[in-house]
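Colleague: give me the fold of what follows.
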Amino acid sequence: MHHPHTSTSRRTTRLTRTAGLAVLALGLTFTAIPATAQSGVPTSSAAHLEAAATGLDDPAKKDIAMRLVSSAENSTLDWKAQYGYIEDIGDGRGYTAGIIGFCSGTGDMLDLVELYTEREPGNALASYLPALREVDGTDSHEGLDPGFTDAWAEAAADPAFEQAQNDERDRVYFDPAVRQGKADGLGTLGQFAYYDAIVMHGGGTDATSFGSIRQRALAVASPPSQGGDETAYLDAFLDARVWAMKQEEAHSDTSRVDTAQRVFLRNGNLDLDPPLDWKVYGDSFHIG
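Modeller: So this is what the prediction gives:
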């Protein structure tokens, strides 16, 4: 089950398959950073530089990232139990479902089902594609009820659907966040801060999107790739993130930043190494 506060963890903008790459190109600048450029990282030990080079896409760290997001999105660390999750949480985005909260009203659920149907044409969700196209951009269930939630649960038993969810998560949210984090010279924690922001706010071009949050931070502090102090830059980014969250009533609880990411930053844990202890919406979590 989602936490009662889950409405605080929905995206304000999302990327569609057709527009996603173009919008990302506008909102994010992916530039390769030579290894020498990372010498500006304050804690420039060999271990930290190695972490910055591998970062959040290291399988163990990626699993931590998924557990951290799941603690905020689903009030559990068991993110792999969320493939079959589906619910309308009353946030104006229609059905929310799966491991990253794909929404019927925001395009990414449609993209997911299209990808799954490309790979498995006779799947349980394929017949709902026309309805998903109709409700995109709305909170409507027209053409989806009453069978869509059962069809989602049936699809979730298919490993190909799990893989499609993983692949769409990576394409739209995880990979762009990690690429930009590495380009900015950030270690694993900074890459996670980017990922969590793009999960909630999307990669669009409006004032509260990930790209705008990053620009707000850049106006205050320089990232390590520009010779800045990593901790100071991440403080500025998290400040900008909190500002963006407070622009929408549904995001007014900022504990996923205040009592999670900010705690790791204060502890100097730029590599996001366990053990990790944090709180979201007052619930305590631990990764040993």
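Colleague: let me know the pLDDT of the residue nearest the centre of the chain.
Modeller: Centre of the chain computed as the mean C-alpha position; nearest residue by Cα atoms, centre = their mean is Val199, 2.5 Å away. Val199 is assigned 91 on the pLDDT scale.
Colleague: over to Thr6?
Modeller: Looking at Thr6, the pLDDT reads 34.
Colleague: one more: Asp206?
Modeller: 88.
Colleague: that one contacts Ala244, doesn't it?
Modeller: No: using Cβ atoms under 8 Å, Asp206 makes no contact with Ala244, being 9.8 Å away. From N, CA and C alone the C-beta is placed, and that goes for glycine too.
Colleague: which one of these two has more residues nearby?
Modeller: More crowded of Asp206 and Ala244, by other Cβ atoms under 10 Å: Ala244, with 23 against 14.
Colleague: average model confidence for whatever helix or strand the more buried one lives in?
Modeller: Under the criterion of DSSP states H and E, Ala244 resides in helix 230-245. Averaged over helix 230-245, pLDDT sits at 97.
Colleague: point out where the protein drops to low pLDDT.
Modeller: 1-53 (pLDDT under 70).
Colleague: what helices or strands is the following helix or strand past the helix holding Ala244 leaning on?
Modeller: Downstream of helix 230-245, the next assigned helix or strand under DSSP H and E is helix 255-256. Applying 3 or more Cβ pairs under 8 Å, 6 or more residues apart in numbering; DSSP states H and E, we find helix 255-256 packed against strand 276-280.
Colleague: state the next helix or strand along the chain beyond the strand it packs on.
Modeller: Moving toward the C-terminus from strand 276-280, the next helix or strand (DSSP H and E) is strand 283-287.
Colleague: from Ile99, how far out is Gly147?
Modeller: Note on Gly147: its distance to Ile99, by Cβ to Cβ, to the nearest Å, is 22 Å.
Colleague: please say which of these two ends up with more neighbours.
Modeller: Applying other Cβ under 10 Å to Gly147 and Ile99 shows that Ile99 carries more neighbours, namely 23 against 13.
Colleague: doesn't the more buried one fall inside a strand?
Modeller: No: Ile99 sits outside any strand when classified using DSSP: H, G, I helix; E, B strand; the rest coil, being coil.
Colleague: how about the closest residue to it other than its chain neighbours, what does it touch?
Modeller: Excluding its sequence neighbours, the residue lying closest to Ile99 (Cβ to Cβ, 6 or more residues apart in numbering) is Gln82, at 4.8 Å. Each residue near Gln82 by Cβ atoms under 8 Å, 6 or more residues apart in numbering is listed here: 70, 73-74, 98-99.
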